[in-house]
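A.B. asks: Need coordinates for the below:
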Amino acid sequence: MRGKILVLIIILNLLAVNASDVAYLLKNTRNPDYKFLDSFSELNLTVDLINFNQIKFSNLSSYKLVFVGNQRFDNPEYFKNNKYISLIANSFHLDDWGLSNDKISQMVNNQPLQILHNNITFTVYDRCCYSNNIGLPIYYLQALNKNENIKAYASTLVDNNDAVIGFIKKNKKLTNGLMTEKKNAFFGITETRFWTNDAKKLFKRTVELLLTNSLSETDVDNDGVTADKDCNDNNVNIRPDATDIPYDGIDQNCDNHDLTDVDNDGYESITIGGNDCNDNNASIHPNAVEVANNGIDENCDGHDLIIQEDLKNITNKTLGTEIEVVLYRNKDNKLMKDATYNLPPNSEFNNYEDFLISYNLCSTLETGYYDLVFVGKAKDKICSLNNDETQTRITIFIQGTGETRCERA
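C.D. replies: I've put the predicted structure just below:
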């Protein structure tokens, strides 16, 4: 009798040593979800199928991971999820297991459902509905109802605090009052027959995060940035502090877009279909002020502004413009007075404009007709004053008080 007992003990010890990696808890072990099994196999994890009602007789602590599928169990309290690294893809007993303050939430749609992870949208089902047109559900822990210690890894499109996939670390309090001794995760994309490749990848990633370091310490690509902050934890060149390479369509620095405005002037480069002809110079863009004759196309209209040299000299602000006013006596064309007036510099003297000057006649002139002649000048250039004429002559009549000689101004 003693020999038989010793043999039995040896067999039990061997079973404990050779336990598989994953304990898959089922209501009926003959009816597992093979998509879940395939995912574990692709991760090189072995699986034991365990009847839920036999949990009391199973050593779950010998497994790396305890997985619970989406079935309703008669005695959910048998499973002490807080004691094991647990992955719960179940919509029936989350309040029993302390992940929710209330019942689970679900969403359906008339289009294939999508979720949000790292600000990227993923389609998780390849269709919207079952064959009877009833919508395929995604289950999630609503932000207001989930355990406050659960952090959303993937969320609904409505609220990024809703946990379609969520993690709770060890030493955190569950809503049933228990403390987690190991990490737990919730996974709400349960209709595996209709999974997209992205849904399967998210499930496998959830398993990997549970079986490696804690989520805040996980750094798969060893780039110094943890998975919860790295938008691509499989590429060492992609992380929040990376330098974004412009125009390559890749978000290297995790700011949710590729760099397409290098000089930060508000205009995207023509390289990617924008209208900035020089994306390395903030003073060059479609609304910039064009500088004439400098050989640079500041406003991206395809050419530099060219002003001919003579017009350029006339409009140069440093030249100014002169108006010469001459008074002639009409009867003998005698020059009575000649005065020059300087107008303020103006870069727009190539256009017509009004001006006002004060011209003092001689204090005493004899009665008669006189001619006032206006001549426009800009140094050695002649300006047009009126109707493209360089001179304007006006005849005036003066009621004089007697002959007086006028000195030229």
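
A.B. asks: and D74, how many neighbours does it have?
C.D. replies: 8 (other Cβ atoms under 10 Å). Any C-beta I mention is one placed from the backbone N, CA and C, and that applies to glycine too.

A.B. asks: check contacts around it.
C.D. replies: Going by Cβ atoms under 8 Å, 6 or more residues apart in numbering, D74 touches 52-53.

A.B. asks: one more time with 6 Å
C.D. replies: For D74, the contact set (Cβ atoms under 6 Å, 6 or more residues apart in numbering) is empty.

A.B. asks: State the distance from it to N28.
C.D. replies: 12 Å (Cβ to Cβ, to the nearest Å).

A.B. asks: nearest spatial neighbour of N294, skipping sequence neighbours?
C.D. replies: Sequence neighbours aside, D304 is the residue nearest to N294 in space, at 6.6 Å (criterion: Cβ to Cβ, 6 or more residues apart in numbering).

A.B. asks: neighbours around that neighbour, how many?
C.D. replies: For D304, the tally of surrounding residues (other Cβ under 10 Å) stands at 15.

A.B. asks: what does N110 give?
C.D. replies: Residues lying near N110 (other Cβ under 10 Å) number 8.

A.B. asks: Now name the helix or strand holding it.
C.D. replies: For N110, there is no host helix or strand (DSSP states H and E).

A.B. asks: Show the contacting residues for the closest residue to it other than its chain neighbours.
C.D. replies: Of all residues not flanking N110 in the chain, C128 sits nearest, at 5.3 Å (Cβ to Cβ, 6+ apart). Each residue near C128 by Cβ under 6 Å, 6+ apart is listed here: 109-112.

A.B. asks: run the last query once more with 10 Å
C.D. replies: 108-113, 134-136, 194 (Cβ atoms under 10 Å, 6 or more residues apart in numbering).

A.B. asks: for the residues you listed, which one is nearest C277?
C.D. replies: When the contacts of C128 are ranked by distance to C277 (Cβ to Cβ), Q111 comes first, at 40.9 Å.

A.B. asks: How about the contacts made by the closest one?
C.D. replies: Counting by Cβ under 10 Å, 6+ apart, Q111 makes contact with 123, 125, 127-129, 135.

A.B. asks: any idea how far it lies from T121?
C.D. replies: Taken as Cβ to Cβ, the span from Q111 to T121 is 12 Å.

A.B. asks: Does K146 touch I165 like I think?
C.D. replies: No. At 11.8 Å, K146 and I165 do not qualify as touching, with contact defined as Cβ atoms under 10 Å.

A.B. asks: Find the residues that touch each one of the two.
C.D. replies: The contact sets of K146 and I165 overlap at 140, 152, 186 (Cβ under 10 Å, 6+ apart).

A.B. asks: neighbour-wise, which of the residues you listed leads?
C.D. replies: In terms of neighbour count, F186 stands highest of the shared contacts of K146 and I165 at 30 neighbours, by other Cβ under 10 Å.

A.B. asks: confidence score at the closest residue to that one other than its chain neighbours?
C.D. replies: Spatially, and ignoring its direct neighbours in sequence, F186 is nearest to G166 (4.8 Å; Cβ to Cβ, 6+ apart). Per-residue pLDDT puts G166 at 94.

A.B. asks: Who does G166 form a beta bridge with?
C.D. replies: As for beta bridges, G166 partners with A152, F186 under DSSP bridges.

A.B. asks: Kindly report the same for L372.
C.D. replies: Beta bridges link L372 to L327, I394 when assigned by DSSP bridges.

A.B. asks: before we move on, the earlier item: quick one: which of the contacts of C128 has the most company?
C.D. replies: Neighbour tally across the contacts of C128 (other Cβ under 10 Å): the maximum, 25 neighbours, falls on L113.

A.B. asks: Who are the contact partners of it?
C.D. replies: Here L113 is in contact with 107, 122-125, 127-128, 135-138, 156-157, 164, 189, 191, 194, 196, 199 (criterion: Cβ under 10 Å, 6+ apart).

A.B. asks: Strands - which of the residues you listed land there?
C.D. replies: 107, 122-123, 138 (DSSP state E).

A.B. asks: In TSV, list the residues you listed along with distance to N330, pLDDT and neighbour count.
C.D. replies: Shown next, in TSV, are the ones in strands among the contacts of L113 (distance: Cβ to Cβ, whole Å; pLDDT from 0 to 100; neighbours: other Cβ atoms under 10 Å):
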residue	distance to N330	pLDDT	neighbour count
M107	98	93	18
F122	95	95	19
T123	95	96	14
I138	101	96	24
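
A.B. asks: List of residues touching stretch 205-215?
C.D. replies: If you take Cβ under 10 Å, 6+ apart as the criterion, stretch 205-215 is touched by 21-22, 36, 39-40, 42-43, 45, 64-65, 67, 85-87, 89, 117, 151, 153-154, 165-170, 182-187, 189, 218-220, 226-228, 233-234.
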